[in-house]
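Engineer: this one's structure only:
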């Protein structure tokens, strides 16, 4: 018998997601870190590509009151769970600004049939499968395996889709395993520039296991590698203050990481800070 889905709270209860108990990927830390790449002042349309049950996209909607979010997901079960989450009272404050596109984002005709025209997004976020094909033993559950292991073409189909959907001057943010760095840089070339790489370390002095990435569509700006974001103290238990503020309070990366705030050029749809406005 299939177990009942779980209801999981994020951002201190500001978001409630309905997730499968097993058989599919379950979102957590990565989704919230990904949502934190966008500033609270974000406005315009944001696509959550391969949204799963919608955790990252709903977190963006909760954090960014002027943004409209589309969850793009191909798996019917996850689409239904995301729709159920949007009906929960805890999500009433942002649910009207979130819609769902049931489509395989890697197939252009499927995107078009779901109303996702090229250049439709001011920003896109993506948490692609974590591993290259053959790098790990895939789960026997096909849906879970598809969420964790890339196809034979690697990251390129995901980045090609993102490049099609994001408008010139818009942005892409991603979180992915460090082993995919070479694949990432190859796929961004000629599509996105001003690439900002933020390594994510479990603890200080331990190699990074994730990368947070920000890039601008059509830019030829130089890349930058930032000092790493450290999640935990020496004991490994509990989150340090900055990451904890992201996870529990909905803080943005720019609020807790000065290097990120200085390096990242926000989407064209984000108004300048008062100090940046022309007199």
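Structural biologist: Thanks, I have the structure now. Quantities reported herein were computed from a predicted structural model and do not represent experimental measurements.

Engineer: residue ranges of the strands in the protein, please?
Structural biologist: 6-10, 15-19, 43-49, 66-73, 98-102, 121-126, 166-177, 192-203, 210-217, 224-225, 229-232 (DSSP state E).

Engineer: contact partners of the first one?
Structural biologist: For strand 6-10, the surrounding residues in contact (C-beta atoms under 8 Å, 6 or more residues apart in numbering) are 15-21, 26, 31-32, 55, 58-59, 88, 90, 247. C-beta here means a position set from N, CA and C on the backbone, and glycine is covered the same way.

Engineer: One more: the third one?
Structural biologist: By C-beta under 8 Å, 6+ apart, the list of residues contacting strand 43-49 from outside reads 38, 54, 56-57, 60, 64, 66-72, 105, 116, 120-126, 158, 161-162, 165-166, 267-271.

Engineer: now the last one
Structural biologist: Contacts of strand 229-232 from elsewhere in the structure, counted by C-beta under 8 Å, 6+ apart, are 29, 198-204, 212, 238-240, 242-243, 253, 257.

Engineer: Show the buried residues in the residues you listed.
Structural biologist: 29, 198, 199, 200, 201, 212, 239, 242, 243, 253, 257 (16 or more other C-beta atoms under 10 Å).

Engineer: Quickly list what the third one is bridged to.
Structural biologist: The bridge-partner assignment for residue 199, based on DSSP bridges, gives residue 211.

Engineer: separation between it and residue 265?
Structural biologist: 20 Å (C-beta to C-beta, to the nearest Å).

Engineer: likewise the last one?
Structural biologist: Counting by C-beta to C-beta, the separation of residue 257 from residue 265 is 15 Å.

Engineer: Poorly predicted segments of the stretch 51-200 of the chain, please.
Structural biologist: By pLDDT under 70, the weakly predicted segments of the stretch 51-200 of the chain are 130-148.

Engineer: Same list, the buried ones among the contacts of strand 229-232, but as TSV with distance to residue 7 please.
Structural biologist: As requested, these are exported to TSV (distance: C-beta to C-beta, whole Å):
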residue	distance to residue 7
29	18
198	31
199	33
200	27
201	31
212	27
239	22
242	27
243	24
253	27
257	31
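
Engineer: Nice, that's everything, thank you.
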